[in-house]
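*Asks:* Pasting the sequence and the predicted coordinates here, then a few questions.
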Amino acid sequence: MQNLLTNIPGELPGELFTTLLENDQLKIERIVSRGHHSPDNGWYDQDRHEWVLVIQGSARIGYPDSEPVELVTGQYLHIPAHRKHRVEWTSPTENTIWLAIHYGTTT
């Protein structure tokens, strides 16, 4: 047994990605952000669908063609495969802990 809220370093120079479970069809990971965001000139364009839940903290997900989405503790979001997006902001004063589930393919 493990805990999503433990084993987080005090210093976090980059986002922390921890794979919790993975096989050919599914990847579940914990992501810890503290003031991190995607590069200003880049967009994620993933081959798999992604479902994210903010376990703790707050964040903003941006899209190139629509309004951004603000997420706080307990809120979740589904991002279909190849839906361009990026993390525009995460709280700089607390850990934002995400549970991300990647599944399916577009083929």
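*Replies:* Yep, that arrived.

*Asks:* So Ile31 is in contact with Ile101, correct?
*Replies:* No. Contact criterion C-beta atoms under 8 Å: Ile31 and Ile101 do not qualify, at 11.3 Å. Every C-beta, even on glycine, is put in place using the N, C-alpha and C of the backbone.

*Asks:* Any buried residues in stretch 48-58, and which?
*Replies:* Of the residues in stretch 48-58, 48-50, 52, 54-58 count as buried by neighbour count, 16 or more other C-beta atoms under 10 Å.

*Asks:* How about stretch 94-104?
*Replies:* Of all the residues in stretch 94-104, those buried under the rule 16+ other C-beta under 10 Å are 95-102.

*Asks:* Go through the residues you listed and name the one nearest His78.
*Replies:* The shortest separation between His78 and any of the buried residues of stretch 94-104 is 9.5 Å, and it belongs to Ile101 (by C-beta to C-beta).

*Asks:* Dig out what the closest residue to that closest one other than its chain neighbours forms beta bridges with.
*Replies:* With C-beta to C-beta, 6 or more residues apart in numbering as the criterion, Ile101 has its nearest non-adjacent residue at 4.5 Å, and that residue is Trp51. Under DSSP bridges, the beta-bridge partners of Trp51 are His78, Ile101.
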